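Trainee: all I have is the shape, not the residue letters:
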């Protein structure tokens, strides 16, 4: 088969999709899925919504492992929506709106990504799992690909990230290669969890490695070259960004869905009930809570700076004690919430050790 560029392939897929569009009467196939009080399959919903490594972080899920086991779900449904370029986190962080042209604001913490995946693929491995990607960008895309059982919303994308390639500035080829492989080893670990080709996940993080695929029956085998039948990444600063339609066509996802019921029906589930609803509620509440704590932390920081400015003459000791009290409260808050600590560090370049030194 002649090689196809991703652009040509995308055009063909869009034409095919429009040609088989369903009428409103036909597009109700998931209505036959029924939620009950306690009949049918036990489903646990794990929302992964918002900012990677703050809203979505391994400490949160690790703390719930025993509770998830007690809920004893027949299926864990992970609902992933993480695309900072379309939410308001950049406003909270004080980033200029012009940065919206960037593909994502998600930070990239490889260690945290691996630990999130480990929670679900190791202590919770006994429970069947499926991830529904409502949209993803950057590190959330790489995380999503660590599940083999993946569905996508019709308008979702798997956006890549541009992981820092400062190792390219290293002149010694052997050293540069070793550092590059060290930076990318996490993509191999995540790929192994899903049974995917390492080349696929690496292409979403490494800007200089190409990606092409070749069909073997209904499956696509991915390689870090341009020798395949379908070229998704030419390498050299080009990064893949796949629509739901393309992801399904090349067997990265199992299909497109529009609702939770679509996902369940695709998994052969027609009757279900929810379990661990307290877990789901707590996960939904986490982003709201830590953001409030973030604003409190910023106030403590401002107050501490102000007290330091007032520490003059006879009032020096008085205001230094007040400043010390604010910094002590701030240290405790940062120790309690890694999400707040990461965000304060990212925005104000202040770490717990810095505060302790102050």
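Mentor: Received the coordinates, thanks. Quantities reported herein were computed from a predicted structural model and do not represent experimental measurements. Numbers count the residues shown, from 1 in each chain.

Trainee: in the protein, which spans are strands?
Mentor: Shown for the chain, the strands assigned by DSSP state E span residues 4-5, 34-35, 41-49, 75-82, 129-137, 150-153, 157-159, 211-216, 219-223, 230-233, 241-243, 256-257, 271-274.

Trainee: can you tell which of the ones you listed is closest to residue 61?
Mentor: Ranking the strands of the chain by their distance to residue 61 (criterion: C-beta to C-beta) puts strand 41-49 first, at 7.6 Å. Quick note: C-beta positions are derived from backbone N, CA and C, even for glycine.

Trainee: counting by contacts, list what the closest one packs against.
Mentor: When contacts are defined as 3 or more C-beta pairs under 8 Å, 6 or more residues apart in numbering; DSSP states H and E, strand 41-49 packs onto helix 65-71, strand 75-82, helix 260-266, strand 271-274, helix 277-310.

Trainee: want to throw those into JSON lines with mean neighbour count, distance to residue 329 and mean pLDDT?
Mentor: Converted to JSON lines, the helices and strands packed on strand 41-49 look like this (neighbours: other C-beta atoms under 10 Å; distance: least, C-beta to C-beta, whole Å; pLDDT from 0 to 100):
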{"stretch": "helix 65-71", "mean neighbour count": "14", "distance to residue 329": "30", "mean pLDDT": "98"}
{"stretch": "strand 75-82", "mean neighbour count": "22", "distance to residue 329": "31", "mean pLDDT": "97"}
{"stretch": "helix 260-266", "mean neighbour count": "20", "distance to residue 329": "41", "mean pLDDT": "96"}
{"stretch": "strand 271-274", "mean neighbour count": "17", "distance to residue 329": "39", "mean pLDDT": "98"}
{"stretch": "helix 277-310", "mean neighbour count": "16", "distance to residue 329": "6", "mean pLDDT": "95"}
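
Trainee: now those as a markdown table including distance to residue 141?
Mentor: Formatted as a markdown table, these follow (distance: least, C-beta to C-beta, whole Å):
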| stretch | distance to residue 141 |
| --- | --- |
| helix 65-71 | 24 |
| strand 75-82 | 8 |
| helix 260-266 | 18 |
| strand 271-274 | 27 |
| helix 277-310 | 19 |
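
Trainee: residue 138 is nearest to which of those?
Mentor: Proximity to residue 138, assessed across the helices and strands packed on strand 41-49 by C-beta to C-beta, is greatest for strand 75-82 (8.1 Å).

Trainee: strand partners of that closest one, parallel vs antiparallel please.
Mentor: Paired neighbours of strand 75-82 in the sheet (DSSP bridges): strand 41-49 (parallel), strand 129-137 (parallel).

Trainee: looking at the strands of the chain, which has the lowest confidence?
Mentor: Ranked by mean pLDDT, those end with strand 4-5 at the bottom, a mean of 50.

Trainee: residue contacts, the closest residue to residue 319 other than its chain neighbours?
Mentor: Excluding its sequence neighbours, the residue lying closest to residue 319 (C-beta to C-beta, 6 or more residues apart in numbering) is residue 311, at 4.0 Å. Counting by C-beta atoms under 8 Å, 6 or more residues apart in numbering, residue 311 touches 317, 318, 319, 320, 323.

Trainee: from those, which is closest to residue 206?
Mentor: residue 323 (45.4 Å).

Trainee: how many neighbours does that closest one have?
Mentor: As a burial measure, residue 323 scores 20 neighbours (other C-beta atoms under 10 Å).

Trainee: that one against residue 308, yeah?
Mentor: Yes: counting by C-beta atoms under 8 Å, residue 323 does reach residue 308; the two are 5.0 Å apart.

Trainee: and the most centrally placed residue in the chain, what pLDDT?
Mentor: By C-alpha atoms, centre = their mean, the chain has its centre lying nearest to residue 140, at 2.0 Å. Per-residue pLDDT puts residue 140 at 93.
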